[in-house]
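# need a 3D model of the following:
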Amino acid sequence: MRSGSQAGISLVEALVALVVMSFGTLAVLGVQSTLRFNGDVSKQRAEAVRIAQEAMEDARSFSGIAGADEDVAYFGDIADSVRTVDGLNATFTVTTTVQTVADPRRKTVQVQVGWQDRGGNAQAVQFDSAIFGTTSAFAGTLVIPANRSPIRNPGGRHGAIPPAAVDQGDGSSRFAPPGAASGVSWVFNNRTGYITRVCTAVESCIDSSARLLAGYVRFDLNASPSAELPGSARLSDIQVRVVQTAPAAVAGTLQCFEDTSSPSWVAYYCAVPTDNQVSWSGQALVGGSSLDLANSIADGDADEHRVCRYTPYRAHLTAPTQMRNDEHPLVYSNVTESLTNQNFLVMRAGNGDADPWACPDDVAGTPVNGTTWHHQPSS
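Here you go, the predicted model:
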C-alpha cells in the first residue's frame, strides 16, 4: 500500500527560519539603537553649541574696560573659569581659557563645552575668538571698513583721501594742502587713493605718480608727558620732511606742507613721488627752528626735546618684514599705498642729564592705544 504525501514543515526548517528572523530583528534593533544614539548626540551637541555661544557673548558683553563696581562687567574681568550646566539630557562642563597676547587691549578667548554621551564617550565643542577692549561708547566703530584706516570712506572714496578734497565727478578728487601756495593742489584717484596729478595752478597740472604721507604732530612738554592726552601748545615753526632713498631718480622732488591753524597740533601732508615704480622708501623727520633735539635717548637735558612716533611696538622693527609700513616704522621700505595717521609726539628730553625721559607707553584700561617709541633721537 502506497503512503500518502507529506504536508507542513519540519522542525529543522522552522528553526532555521526562526534564526534568520532573529538576526533580522537584531539588525533592525541595532539600526534603531544607532539612530537613537546619534540623534541623542546631535541634540546634546546643539545644546553645547548654544551654551558655548552664550558663554562667548557673555565675555563680550562688558560695559567698561576696568573698574571695581561689582554690578558692572569689565573687560579686565575676562579670565579663566570652569562651571557646569545641567542640560536636557546631559551635564555640560564649560571651560573658558583666556590666552595672553602682546596687545593689552586684546584677549584671545577659548570656550570649550564638554559632556559624556550615553555610551560614556567624551564629547566636546570648542569656540575660539579674539575680544577687543572697546567700550560701548565706541560701538559705532563696528561700521568702519576693514582697510586699516580709522576713518570711514567718505562719499565712497579711498580712506586715505583727505575729507577736504573736492570730488570732481570723474573718479578723482582735488585737494589743496593747507600751508601750500595759492593754486597748489593734488589730484587723487578716488579708488586707489594715489596722487595722479600735481598742480601749481588751476589749469597748470602735470601727471604724477605719488603716494600721500600724512599725520599729526602733538606736543606735551610737561613733567609727565601723555601720549593719549597731550597737554601742551605746539612749538612754532614745526615742519615735517621726508628723506627719500628710493626711487633715487625722484628723491628730493617731493612736496610737504603743514597745517598750523591749531594752537595745539600740526597736521602735515606729503606727496612722495614713486616715478615709474610702484613704491618708495625713506624716513619722515620732524624739524623746525624751535625744536632742539637731544643727542641720544640717554640725553636728559631739560632744554632739549625728543620726538616719539605713535606705533604698536616699543622697538625698532624692520618694515615691511617685521611690521607694516602703516604701523609707522622708523624707516619706511617699499611703501605702495598712501599712508595716513603717521603721528608724532614732541616732549622734553628729561629733567636733567641724570634723568632722561622715555617715550610714553600705553596706559592700560583706556580705549586709545597710546604706545610710542623713540624716533628722534632713535638710539
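# can you give the domain ranges for the protein?
If you go by automatic domain parsing, the domain ranges for the chain are 28-133, 211-376.
# closest to E203 out of these?
domain 211-376 (18.9 Å; CB to CB). Every C-beta, even on glycine, is put in place using the N, C-alpha and C of the backbone.
# so for that closest one, what's the average pLDDT?
Averaged across domain 211-376, the pLDDT comes to 93.
# which positions in stretch 96-112 come out as buried?
Residues of stretch 96-112 classed as buried: 96, 104-105, 107, 109-112 (neighbour count, 16 or more other CB atoms under 10 Å).
# kindly list the longest strand within this structure.
Assignment by DSSP state E gives strand 204-220 as the longest strand of the chain.
# for that strand, packing partners?
Contacts defined by 3 or more CB pairs under 8 Å, 6 or more residues apart in numbering; DSSP states H and E place strand 204-220 against strand 185-189, strand 195-201, strand 238-246, strand 265-273, strand 280-288, strand 344-348.
# any idea where the helices of this protein begin and end?
11-60 (DSSP state H).
# need the contact list for the closest residue to S208 other than its chain neighbours.
Spatial nearest neighbour of S208, excluding adjacent residues (CB to CB, 6 or more residues apart in numbering): V198 at 4.5 Å. Residues near V198 by CB atoms under 8 Å, 6 or more residues apart in numbering: 186-187, 205-206, 208, 210, 255, 271.
# what would the domains of the chain look like in JSON lines with distance to A160?
JSON lines is the format used below for the domains of the chain (distance: least, CB to CB, whole Å):
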{"stretch": "domain 28-133", "distance to A160": "23"}
{"stretch": "domain 211-376", "distance to A160": "4"}
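# which among those domains is found nearest to Q168?
Across these, Q168 has its closest neighbour in domain 211-376 (16.9 Å, CB to CB).
# which stretches in the stretch 51-200 of the chain count as strands?
Assigned by DSSP state E, counting those that start in this stretch, the strands in the stretch 51-200 of the chain fall at 81-86, 91-99, 106-116, 122-132, 166-167, 172-175, 185-189, 195-201.
# is S129 bridged to anything, and to what?
On the basis of DSSP bridges, S129 is bridged to V109.
# residues contacting the closest residue to A294 other than its chain neighbours?
Nearest residue to A294, sequence neighbours excluded (CB to CB, 6+ apart): A349, at 3.8 Å. Residues near A349 by CB under 8 Å, 6+ apart: 294, 299-302, 304-306, 356-357.
# repeat the analysis, applying 10 Å as the threshold.
Going by CB atoms under 10 Å, 6 or more residues apart in numbering, A349 touches 292-306, 355-357, 377.
# give me the phi and psi for it.
When read as degrees, to the nearest 10, the backbone of A349 gives phi -70, psi -30.
# what distance do you get for G287 to V331?
Distance, G287 to V331, by CB to CB, to the nearest Å: 17 Å.
# apologies, that question was intended for I161.
In terms of CB to CB, I161 sits 25 Å off from V331.
# the two: which has the busier surroundings?
Neighbours per residue (other CB atoms under 10 Å) separate I161 from V331, with I161 holding more: 28 against 15.
# distance of the more buried one relative to V72?
Going from I161 to V72 by CB to CB gives 40 Å.
# circling back to that earlier point, any idea which of the helices and strands packed on strand 204-220 is most buried?
Ranked by mean neighbour count, the helices and strands packed on strand 204-220 are led by strand 344-348 with a mean of 24 (mean count of other CB atoms under 10 Å).
# can you check what angle separates it from strand 280-288?
Put simply, strand 344-348 runs at 40 degrees to strand 280-288, going by axes from the mean of the first three to the mean of the last three CA atoms, to 10 degrees.
# and the angle from strand 344-348 to strand 265-273?
Here the directions of strand 344-348 and strand 265-273 differ by 130 degrees (the same axes, to 10 degrees).
# pull strand 344-348 out as PDB, backbone CA atoms only.
Output of strand 344-348 as PDB, limited to C-alpha atoms (Å, rounded to 0.1, in the frame of the first residue of the first chain):
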ATOM      1  CA  PHE A 344      54.300 112.100  16.300                       C
ATOM      2  CA  LEU A 345      54.600 113.300  19.900                       C
ATOM      3  CA  VAL A 346      57.100 116.100  20.800                       C
ATOM      4  CA  MET A 347      58.200 116.100  24.500                       C
ATOM      5  CA  ARG A 348      61.100 117.300  26.600                       C
END
